[in-house]
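Colleague: need coordinates for the below:
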Amino acid sequence: MNLGEIWRYFKWPITIAVMVIVGLASWALLKATWKDMFLIDASQSSVLGGQKSEQTEEPKAADASIVQPGTGPVADANQKAIAAFGVSEGKVVPKADGYSISDQPLNRMVVAFDVPAGNPACVASLEVAMKVQKAKGQVVLGVFPSKVTTPQNVNPGDDQESDLTLSPRAMSLNALGNPGDFKADITAHFADWFTMNHPAGTPFTLTLAPAEAIEPGDEVVISSTPTLNVKGTPGCQ
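Modeller: Below is the predicted model of the structure:
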């Protein structure tokens with residue numbers, strides 16, 4: 001059998017085998033291309049005409065271990081203190097005739113209120129109101145976020161840190177040189193209070209302390225327990 005006869009007998013089987021191999025390779029390539037073309041990703045529009053499906057992260061749950069800001073409108077209110085006490089040389093002292101703010105000895109005052117309800121951004125004004133009975137010299141009074149987290153449980157004679165301020169930046173600074181009614185505006189820094197990770201259940205607690213050095217013998221005596229005057233922004237949610 002010569003080469004021509006061999007080719008005549010085997011050319012069709014060989015041709016068919018080559019065609020099958022080529023066909024299988026083409027099918028595999030077409031299948032991969034088809035899959036890439038019509039793979040539906042969650043971030044792309046559906047090839048079947050559906051709307052674009054976007055993956056959105058679920059909002060993180062608020063940390064229940066710390067005080068969280070409120071939501072919704074803020075109602076006008078005149079809040080009474082739920083706790084107030086003076087501190088002198090690291091000891092809690094009773095009110096007596098008033099709360100002395102001075103550096104001789106190291107005197108402070110702590111006052112606490114229920115945390116004002118509503119969205120802090122909806123607060124139009126927030127003022128700590130008090131009566132100054134005595135003002136000897138001039139005292140720059142600072143209203144600071146307080147380190148005290150359970151002011152309701154404090155009793156006369158308890159030990160307290162001499163510096164009861166949680167932040168070196170005062171929420172309000174005011175130079176007091178005369179007796180009379182006085183209001184410290186803390187509106188601008190109210191929202192900052194919620195960023196300080198107060199343990200859950202902590203009331204809105206403030207420390208009143210000198211923000212600048214005081215001359216020996218100079219002091220301010222606050223004769224009334226402060227109140228918290230809250231005003232909301234109308235229509236704010």
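Colleague: strands of this structure, residue ranges please.
Modeller: In the chain, the strands defined using DSSP state E lie at 77-80, 83-88, 91-93, 99-101, 107-113, 123-136, 139-145, 172-176, 180-185, 204-210, 219-222, 227-232.
Colleague: output the below-cut-off pLDDT ranges for this protein.
Modeller: Residues of the chain that meet the criterion pLDDT under 70 lie in 1-15, 17-18, 20-59.
Colleague: quick revisit: using TSV, lay out the strands of the chain together with distance to Asp158.
Modeller: (Glycine included, C-beta is placed from N, CA and C.) Shown next, in TSV, are the strands of the chain (distance: least, C-beta to C-beta, whole Å):
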stretch	distance to Asp158
strand 77-80	22
strand 83-88	9
strand 91-93	4
strand 99-101	16
strand 107-113	11
strand 123-136	23
strand 139-145	20
strand 172-176	26
strand 180-185	25
strand 204-210	15
strand 219-222	20
strand 227-232	24
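Colleague: redo these as TSV? Include distance to Asn155 and mean neighbour count.
Modeller: Output for the strands of the chain, formatted as TSV (distance: least, C-beta to C-beta, whole Å; neighbours: other C-beta atoms under 10 Å):
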stretch	distance to Asn155	mean neighbour count
strand 77-80	20	14
strand 83-88	8	21
strand 91-93	7	16
strand 99-101	16	24
strand 107-113	13	25
strand 123-136	22	18
strand 139-145	22	23
strand 172-176	28	16
strand 180-185	26	15
strand 204-210	16	25
strand 219-222	20	24
strand 227-232	23	19
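Colleague: so which of those strands comes closest to Thr165?
Modeller: Closest approach to Thr165 among these (C-beta to C-beta): strand 139-145, 3.9 Å.
Colleague: tell me the centre residue of this protein?
Modeller: Nearest to the geometric centre of the chain sits Thr195, at 3.5 Å (C-alpha atoms, centre = their mean).
Colleague: mind checking how far Ala84 is from Pro151?
Modeller: 8 Å (C-beta to C-beta, to the nearest Å).
Colleague: got it, and Thr233?
Modeller: Taking C-beta to C-beta, one finds Thr233 at 29 Å from Pro151.
Colleague: these two: which is more packed in?
Modeller: Using other C-beta atoms under 10 Å, the more surrounded residue of Thr233 and Pro151 is Pro151, with 20 against 15.
Colleague: test my guess that the more buried one contacts Thr205.
Modeller: Yes. Contact criterion C-beta atoms under 8 Å: Pro151 and Thr205 qualify, at 5.4 Å.
Colleague: what touches both of these two?
Modeller: Ala83, Val110, Val111, Ala112 (C-beta atoms under 8 Å, 6 or more residues apart in numbering).
Colleague: so which of the residues you listed is the closest to Glu127?
Modeller: Val111 (12.9 Å).
Colleague: so what's that closest one bridging to?
Modeller: Ala84, Leu206 (DSSP bridges).
Colleague: which ones are touching it?
Modeller: Applying C-beta under 8 Å, 6+ apart, the residues near Val111 are Ala81, Ala83, Ala84, Val128, Pro151, Thr205, Leu206, Leu208, Thr225, Pro226.
Colleague: what's the closest of the shared contacts of Pro151 and Thr205 to Ala191?
Modeller: So of those, ranked by how close each gets to Ala191 (C-beta to C-beta), first place is Ala112, at 18.5 Å.
Colleague: tell me the contacts of that closest one?
Modeller: Taking C-beta under 8 Å, 6+ apart as the test, what Ala112 contacts is Ala81, Ile82, Ala83, Ala84, Ser146, Val148, Pro151, Gln152, Pro203, Phe204, Thr205, Leu206.
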